[in-house]
Every structure is written in structure tokens, then in C-alpha cells.
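Asks: here's my sequence, what's the structure:
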Amino acid sequence: MRRVFSSAKTIFYKVASIWEHPVWGGLLAFIVYFAYAMHTNPSLHASGVNYHNYLADAFLHGQVNLRLVPPDTQLDLSVFNHKFYLYWPPLPAILMMPFVAAFGVYFSDTLVTVVIATLNVSLVAVLLRSLNRREITKLTAFQRSLLVLFFAFGTVNFTIAPYGTVWFTSSAFGFFFSILAYIAAILIKGNKGFFLTGLFIACAVMSRSTLIFVGLWPAYYLISENWGEERNRLFSNIFLGILPILAVGILFLGYNWARFGNPLELGTSYQNMASELRKNVDIYGYFSPHYIKTNFYYQYLYYPFPETAETLMGGSLFLLSPVFFAAFIGLAKGKPRLSMFFLFLTIFIIDIPILLNFGTGWFQFGPRYTLDFTVPLLVLTAIGVQSFPNWLLIILSLISAAHFYKGMSILNMIWRR
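Replies: Model prediction:
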């Protein structure tokens with residue numbers, strides 16, 4: 001009997017471990033995300049706020065303000081000199097230009113977001129393999145599989161995947177380029193590693209401006225891994241890493257100048273927003289310590305069940321996704337200690353503008369903005385999970401998935417169209 005149980009256990013672990021493969025993990029995520037998208041939007045038509053499509057159309061016609069006016073202009077568009085602009089960085093729109101050129105502004109941003117969110121799951125699988133390859137972690141295939149499934153169905157990547165919209169699409173692209181930067185830093189050696197890491201960081205910032213500091217840990221890792229190199233070569237490689245960030249930064253300053261006559265103006269000064277939010281912004285500004293208490297509550301403390309009017313304000317990162325509690329173990333016990341410090345510092349600095357922001361990312365389930373620092377958080381979590389027994393990781397992953405399954409049922413009733 002014991003032998004039968006042991007054989008069954010072995011088979012279970014082997015079958016359950018297939019999801020750590022980037023293809024299989026991504027395929028499962030795509031099936032689920034696509035099914036949810038079809039449930040809420042059977043024709044997979046564009047969302048009502050597919051503003052990236054309209055900006056792509058503007059670029060195709062040689063202008064930086066929207067050529068065509070979206071049906072709803074009151075949801076966060078910026079109005080300057082009677083013209084409409086996006087305050088979001090332009091890279092998602094640039095990448096969507098071929099599709100808009102072929103199919104028009106009504107090309108499905110819903111489908112785009114499903115695909116990018118799916119790729120994010122596959123890249124998490126690649127990241128976890130990369131951490132093992134460089135001996136940053138020593139996770140089993142089963143542990144990696146559970147972490148892939150946890151990310152796919154127990155974090156806000158799940159809730160942004162099926163709906164499109166300018167907000168969710170931007171977040172999906174931001175995570176996509178952030179995790180590519182971490183993978184490049186970990187896996188690719190020499191000058192190519194520095195350059196590609198810098199390029200992906202630049203792309204992340206051009207998807208979501210709050211990701212400007214997402215490259216802190218990759219920069220530390222690359223420099224520490226190449227510290228023994230001859231100094232001129234190391235400085236040359238560092239310059240190669242900084243070069244794409246500088247180049248893209250200069251282009252972005254020029255883009256702002258062309259739009260608003262001010263290279264530092266993102267468009268937030270002219271942003272349309274709800275009247276109750278406008279009152280706060282007029283008093284306290286776009287970023288202020290006044291907002292920290294509210295944002296901290298909805299990002300880290302608030303538990304959105306049972307459902308109330310507050311449920312769409314967010315939810316506690318750690319209560320909804322308790323696997324992330326392992327990050328505290330990783331921070332306390334992981335080595336080298338300086339690496340753990342830089343992972344924490346990256347998370348902390350990225351979170352500063354989120355906590356200072358006038359809004360919580362309303363009309364969501366879970367702390368959507370935390371996706372900005374989820375890559376370094378996943379690295380710390382993977383380090384901490386090594387000390388978890390399998391049964392604990394299974395339970396915490398199931399709790400996370402159950403939370404977001406319930407959250408999706410709430411969102412589906414709201415977004416169904």
C-alpha cells in the first residue's frame with residue numbers, strides 16, 4: 001500500500017510539474033484568459049477605451065494628438081488647445097500601429113491584452129528557470145510550476161487579461177518588458193546582456209512611466225556579476241546599458257515638447273477625471289503625501305470580501321495573493337544580502353509614486369498598480385518559497401486562485417458587454 005501511495009505521489013508531482021514549462025504554462029493561461037474574454041465580450045471587439053488604437057492611428061497620420069475622437073473622451077484623456085492626447089507613454093500604441101493600419105482603430109485591444117498577459121505567464125516560467133540556472137534559487141520543477149500557476153491565476157495579471165482598455169493594456173506591456181529586462185540581465189552575459197537589459201528597461205518605462213526604477217536590481221546584478229572584468233570593459237558595458245535608456249528618454253522629452261511645449265509635461269496637468277477626483281487634485285496636486293493613507297490601505301490592508309461598494313477600489317496584495325508572504329522570508333534569509341537589499345529597494349522606490357498618486361486604480365479587483373513591481377517581488381518570493389513545504393505552497397496558491405476567481409466573477413458582471 002505504501003508503495004502504491006508513493007507511486008501515485010510521484011505521478012502527481014510529474015503531471016503537476018508540466019506547467020513550469022513556458023509553452024504549457026502559457027497555453028493554459030491563454031485558454032483561461034481567452035475563455036473569460038469571450039464570456040464578457042463574445043465578439044472580442046475593442047473595449048470602450050482603446051485609446052492606444054487611436055494614438056496609433058494618429059502616429060500613422062503623422063501627428064501626436066488624436067486624429068479621430070473616441071466615443072468617450074471623459075475617461076482620463078488629456079485636453080490641450082482643444083486637442084486630445086494620452087498621458088500614458090506611447091510604446092503600446094507604436095507596437096499596435098501595424099494592426100491599426102490593417103484593421104483600423106476598432107482592432108481588438110482585448111485580444112492584444114489577452115496575448116500579452118499570456119506571454120507574461122510564459123516569461124514568469126522562463127524567469128524561474130533562469131533563477132535556477134544561475135543558482136539564485138534551487139526550486140524544484142513542482143515549485144516552479146505552482147509559482148507559474150499562482151502568477152497566472154492568483155495575481156492581478158489574471159484580472160487585467162480579458163478586458164483590454166488603455167489602463168490594463170499599459171500594465172500588461174509594462175510587466176512584459178520589465179520581466180524581459182530581468183531575464184536578459186540574468187541569462188545574457190557580456191555587452192549584449194547590458195544593452196538588452198537597458199533596452200527592455202527603456203521599453204518598460206515607455207509603456208508605464210512609473211517603471212523608471214524597475215532596472216535597479218538588474219543593474220546591480222549585471223555589475224556584480226561583471227565586477228571582476230577589466231575596468232574599461234565594465235564601464236563600456238555600463239554605458240551600453242545606459243545608452244538605450246538615454247536615447248529613448250531624449251525621444252520621449254521631444255515627444256512631450258511636440259505635444260505640450262514642455263519636455264517634462266506628460267499630459268497629467270490637462271487630464272480629464274471624475275469631479276470628486278478633480279477636487280482632490282486641485283487641492284493636493286497629482287502626487288501628494290495626502291494620498292498615502294488611502295492608497296496604502298487599499299493596496300496592502302483592505303480585504304474586498306464580502307462584496308461592497310469598496311470592492312472595486314483594490315485589495316490587499318498579501319491577503320489576496322498570500323504566496324507573496326514568502327517574499328519576506330526571501331528578504332530575511334536570501335543571499336547575497338546586497339542582492340536582497342536591491343530587490344527590496346526596487347520594490348520600495350517603484351511603490352512611492354503609486355502611494356503618492358491621487359487614485360487607487362479604481363474599477364478593478366486587487367491592487368492593479370502593484371503589477372509594476374511584481375517582477376522583483378516574484379524573485380524575492382521564489383527565493384523565500386524554497387523553505388516552504390509543498391503542502392503549504394499548494395494551499396496558499398489555491399487560496400490566491402480562489403480569491404481571483406471570485407474577483408473575476410465580480411468583474412465579469414461589470415464588464416460584460
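
Asks: can you pull the poorly scored residue ranges out of the protein?
Replies: Filtered on pLDDT under 70, the chain yields the residue ranges 1-13, 74, 275, 361, 415-417.

Asks: which parts of it are strands?
Replies: Assigned by DSSP state E, the chain shows strands spanning 78-80, 83-85.

Asks: mind putting those into a markdown table with distance to A46?
Replies: (C-beta placed from N, C-alpha, C; glycine too.) Shown next, in a markdown table, are the strands of the chain (distance: least, CB to CB, whole Å):
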| stretch | distance to A46 |
| --- | --- |
| strand 78-80 | 21 |
| strand 83-85 | 17 |
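
Asks: tell me the most buried of these?
Replies: strand 83-85 (a mean of 21; mean count of other CB atoms under 10 Å).

Asks: pull up the pairing partners for that strand, direction included.
Replies: Next to strand 83-85 in the sheet, as set by DSSP bridges, lie strand 78-80 (antiparallel).

Asks: ok, and what's touching the strand it pairs with?
Replies: Strand 78-80 has contacts (CB atoms under 8 Å, 6 or more residues apart in numbering) with 65, 73, 84-87, 259-260, 267-272.

Asks: give the ChimeraX command for selecting the buried subset of those residues.
Replies: To isolate the buried subset of the contacts of strand 78-80 in ChimeraX, counting by 16 or more other CB atoms under 10 Å, use the following:
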select :65,84,85,86,87,259,260,267,268,270,271
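
Asks: show me which of the contacts of strand 78-80 is closest to L222.
Replies: Among these, Y87 lies closest to L222 (CB to CB), at 31.5 Å.

Asks: how close does that closest one get to G25?
Replies: Separation of Y87 from G25 (CB to CB, to the nearest Å): 34 Å.

Asks: likewise for Y182?
Replies: Using CB to CB, Y182 is found at 17 Å from G25.

Asks: repeat that for I238.
Replies: I238 is 34 Å from G25, by CB to CB.

Asks: so between these two, which is more surrounded?
Replies: Shown here are I238 and G25; by other CB atoms under 10 Å, G25 has more neighbours (27 against 16).

Asks: thought that one was touching L149?
Replies: Yes: if you go by CB atoms under 8 Å, G25 and L149 touch, sitting 7.3 Å apart.

Asks: find residues that contact each of those two.
Replies: Common neighbours of G25 and L149, using CB under 8 Å, 6+ apart, are W19.

Asks: tell me where the stretch 101-250 of the chain has helices.
Replies: For the stretch 101-250 of the chain, applying DSSP state H, counting those that start in this stretch gives helices covering 109-133, 141-154, 156-160, 166-187, 190-205, 216-225, 231-260.

Asks: any idea how far the fifth one is from the chain center?
Replies: Offset of helix 190-205 from its chain centre (CA atoms, centre = their mean, to the nearest Å): 17 Å.

Asks: which helices and strands sit right next to it?
Replies: Using 3 or more CB pairs under 8 Å, 6 or more residues apart in numbering; DSSP states H and E as the contact test, the elements touching helix 190-205 are helix 166-187, helix 216-225, helix 231-260.

Asks: need the ones you listed in a markdown table with distance to A141, can you?
Replies: Below are the helices and strands packed on helix 190-205 laid out as a markdown table (distance: least, CB to CB, whole Å):
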| stretch | distance to A141 |
| --- | --- |
| helix 166-187 | 18 |
| helix 216-225 | 24 |
| helix 231-260 | 32 |
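
Asks: deepest in the core, which of the ones you listed is it.
Replies: Neighbour counts (mean count of other CB under 10 Å) averaged over each of the helices and strands packed on helix 190-205 peak at helix 166-187, with a mean of 25.

Asks: got the angle between that one and helix 109-133?
Replies: If you take axes from the mean of the first three to the mean of the last three CA atoms, to 10 degrees, helix 166-187 sits at 20 degrees to helix 109-133.

Asks: let me see the contact set for the residue most central in space within the chain.
Replies: Closest to where the C-alpha atoms of the chain average out (CA atoms, centre = their mean) is F175, at 3.1 Å. Neighbouring residues of F175 by CB under 8 Å, 6+ apart: 120, 157, 371-372, 374-375.

Asks: ok, and the most crowded of the residues you listed?
Replies: Of all these, V375 has the most neighbours under the rule other CB under 10 Å, reaching 30 neighbours.
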